[in-house]
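Below: sequence and its predicted model.
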Amino acid sequence: MYKVLLVLASAAALKRPSHAALKVRGGELGLNADTAISVGTGLTALSGLYGFMDPAGNLEKYGLTKADASGVNMARWSSAWQCVLAAIFAADPEKAVGLSG
């Protein structure tokens with residue numbers, strides 16, 4: 001009896017995902033990897049640019065309304081690093097060997 005249950009459970013686990021959210025993970029929606037990388041790079045760059053230009057406003061979006069000067073400065077620096085990260089993502093991997101180590 002246990003062997004039959006084990007076989008049925010294994011067969012159920014091997015079925016394709018039926019939820020739309022799980023299909024994204026498996027690549028079944030036809031999303032090209034280059035498109036996903038480009039969209040992620042763009043979102044990272046936009047988030048970094050917004051945080052660099054208006055760090056206090058960006059912190060308010062996260063619910064931090066009373067940030068001192070040090071906190072605003074750290075938010076600006078972390079946003080600058082997001083911009084650098086987006087530049088590394090956007091660089092040609094064959095020409096940017098020295099960028100990422």
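That came in fine, so what should we check first? Residues are numbered from 1 along each chain as shown.

ok, which stretches of this protein are helices?
2-13, 20-26, 33-53, 55-61, 69-90 (DSSP state H).

helices or strands next to the longest one in the packing?
When you say that, I think you mean helix 69-90. Helix 69-90 sits against helix 33-53, helix 55-61, with contacts defined as 3 or more Cβ pairs under 8 Å, 6 or more residues apart in numbering; DSSP states H and E. Yep, even glycine has a C-beta here, placed from its N, CA and C like the rest.

mind giving me TSV with those helices and columns for distance to I88 and mean neighbour count?
Compiled in TSV, the helices and strands packed on helix 69-90 are given as follows (distance: least, Cβ to Cβ, whole Å; neighbours: other Cβ atoms under 10 Å):
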stretch	distance to I88	mean neighbour count
helix 33-53	9	14
helix 55-61	21	16
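
Any chance of JSON lines for these, columns distance to W77 and mean pLDDT?
Shown next, in JSON lines, are the helices and strands packed on helix 69-90 (distance: least, Cβ to Cβ, whole Å; pLDDT from 0 to 100):
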{"stretch": "helix 33-53", "distance to W77": "9", "mean pLDDT": "88"}
{"stretch": "helix 55-61", "distance to W77": "9", "mean pLDDT": "88"}
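
how about a markdown table for these, with distance to S70 added?
Putting the helices and strands packed on helix 69-90 into a markdown table (distance: least, Cβ to Cβ, whole Å) gives the following:
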| stretch | distance to S70 |
| --- | --- |
| helix 33-53 | 16 |
| helix 55-61 | 11 |
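
Of all those helices, which one is nearest A91?
Closest approach to A91 among the helices and strands packed on helix 69-90 is made by helix 33-53 (9.9 Å; Cβ to Cβ).

so the closest one versus helix 69-90, what angle?
Going by axes from the mean of the first three to the mean of the last three Cα atoms, to 10 degrees, helix 33-53 is angled at 160 degrees with respect to helix 69-90.

how about helix 33-53 as CSV, C-alpha atoms only?
Taking Å, rounded to 0.1, in the frame of the first residue of the first chain, the C-alpha atoms of helix 33-53 are listed here in CSV:
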residue,chain,number,x,y,z
ALA,A,33,16.5,35.4,-21.0
ASP,A,34,17.9,38.5,-22.7
THR,A,35,14.6,40.3,-22.2
ALA,A,36,14.5,39.4,-18.6
ILE,A,37,18.0,40.6,-18.1
SER,A,38,17.3,43.9,-19.9
VAL,A,39,14.1,44.5,-17.9
GLY,A,40,15.9,43.8,-14.6
THR,A,41,18.8,46.0,-15.6
GLY,A,42,16.5,48.8,-16.5
LEU,A,43,14.5,48.5,-13.2
THR,A,44,17.8,48.5,-11.2
ALA,A,45,19.0,51.6,-13.0
LEU,A,46,15.7,53.4,-12.6
SER,A,47,15.6,52.6,-8.9
GLY,A,48,19.1,53.7,-8.4
LEU,A,49,18.6,57.0,-10.3
TYR,A,50,15.5,57.8,-8.4
GLY,A,51,17.2,57.1,-5.1
PHE,A,52,20.2,59.1,-6.0
MET,A,53,18.3,62.2,-7.2
